[in-house]
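# A predicted structure for the sequence below; I have some questions about it.
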Amino acid sequence: MVTIISSHYELGQKKESLKELCHLNKDWDYERLLLKTGIKFRHILGDNETPESLSIKAGRKCIEKSINKDIDGIIYVTQSPSLPLPTRACHLQDKLGIKKNSLAFDINQGCSGFVYALSTATALIKNDNASRILIICADHYSKYISKQDRTSRPIFSDAAAAIIIERSSSTKIGPFVFKTSGDGGQFLTVNEKKNKLYMDGPAVLKFSLNLVPEATHELLDKANYKMEDIDTFIFHQASAVVLNKLKKKLNIEDMKWFNEIENIGNTVSATIPIAINILQNNNKFPDNKKYLLMGFGVGLSVAGCIIS
């Protein structure tokens, strides 16, 4: 069995408010956008920041929190690296002082990326290919979005989040469930010529409302659990409209539903590890509870798991 032993996250240095964007774009309706997104503030990388520099901060503090600091694996999840090569995980291995006798690789996946990394890390540890793995998720979507983009700019935030997992005798990570709908990839993509993000909000919402509940029930069946057995549901923090509709469709109680999007925004692959860190900091992530994690979005893809 495998468990999460520490976590930490860092947000971009610049804080950008929805009110600022609405002041800049006079035709934007603040109340309507706030109701739709649920986001008042987001965070943008500062002039001297990169996804990697933020990742180094998050990774370093995550390691500092860990009792055992002997890391022998690093998995880096990003879709917006500063450089396409060398592998960013190798760069981070050096900067974080992780021993050379370690595995290091990147995963190019977005909103479901953390669960993909968690699945991979869990398998590596179970098969004795690593003992303690650092997962870092970081995305810099703001570089693809202009301040005039009403669909995407009020939603996405820049951040890096890190967790460490190791072998455990008390906590189980899994089972996992995955779904892929590559025929919908054009609904959330970066335009090759303009290098700008394009998102068809209604299409992504339709995909989420169809496949996420389906994946949730399949995951529960795999684990032989019912909805009422889960103590906390940690879903990708997409936007208020997506989260509210999923919560209603799945009939999840308020007290079991994680929502911390208002002052952070949608940090893409980092939303779920950020949620875990917030829960840990508030003593709401004990080992004896059951958590259902569900990432979904760009790809289009869905990935979920249960921690128990």
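On my side now, so go ahead. Treat the numbers as computed from the prediction; the structure is a model and nothing was measured.
# residue 6 is in what secondary structure piece?
Using DSSP states H and E, residue 6 falls within strand 2-11.
# pLDDT on that strand, on average?
In this model, strand 2-11 carries a mean pLDDT of 96.
# report the buried residues of the very next helix or strand once past that strand.
Stepping forward along the backbone from strand 2-11, the first helix or strand reached (DSSP H and E) is strand 14-17. Judged by neighbour count (16 or more other CB atoms under 10 Å), strand 14-17 contains these buried residues: residue 16. Yep, even glycine has a C-beta here, placed from its N, CA and C like the rest.
# CA atoms only: put strand 14-17 into PDB for me.
What follows is strand 14-17, C-alpha atoms only, in PDB (Å, rounded to 0.1, in the frame of the first residue of the first chain):
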ATOM      1  CA  LYS A  14       0.900  38.400  -9.300                       C
ATOM      2  CA  LYS A  15      -2.600  38.500  -8.000                       C
ATOM      3  CA  GLU A  16      -5.200  39.400 -10.600                       C
ATOM      4  CA  SER A  17      -8.800  40.100  -9.700                       C
END
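# assign a three-state SS to the nearest residue to residue 41 once chain neighbours are set aside, would you?
Taking CB to CB, 6 or more residues apart in numbering, and ignoring the residues beside it in sequence, residue 41 has residue 263 as its nearest neighbour in space, at 4.8 Å. State at residue 263, reduced to three classes by DSSP: H, G, I helix; E, B strand; the rest coil: coil.
# any figure for the gap between residue 263 and residue 78?
23 Å (CB to CB, to the nearest Å).
# of those two, which one has the most company?
residue 78 (26 against 14; other CB atoms under 10 Å).
# how about the contacts made by the more buried one?
Contacts for residue 78 (CB atoms under 8 Å, 6 or more residues apart in numbering) come out as 51, 88, 106, 108, 113, 137, 138, 139, 269.
# now with 6 Å?
Contacts were defined as CB atoms under 6 Å, 6 or more residues apart in numbering; by that measure residue 78 touches 51, 138, 139.
# now do residue 150
Remark: with contacts taken as CB under 6 Å, 6+ apart, residue 150 is in contact with residue 28.
# read off the pLDDT value for it.
At residue 150, the pLDDT value in this model is 93.
# counting by contacts, list what the strand holding residue 6 packs against.
helix 51-65, strand 159-167, helix 271-281 (3 or more CB pairs under 6 Å, 6 or more residues apart in numbering; DSSP states H and E).
# now those as JSON lines including mean pLDDT and mean neighbour count?
Putting the helices and strands packed on strand 2-11 into JSON lines (pLDDT from 0 to 100; neighbours: other CB atoms under 10 Å) gives the following:
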{"stretch": "helix 51-65", "mean pLDDT": "97", "mean neighbour count": "21"}
{"stretch": "strand 159-167", "mean pLDDT": "97", "mean neighbour count": "27"}
{"stretch": "helix 271-281", "mean pLDDT": "97", "mean neighbour count": "23"}
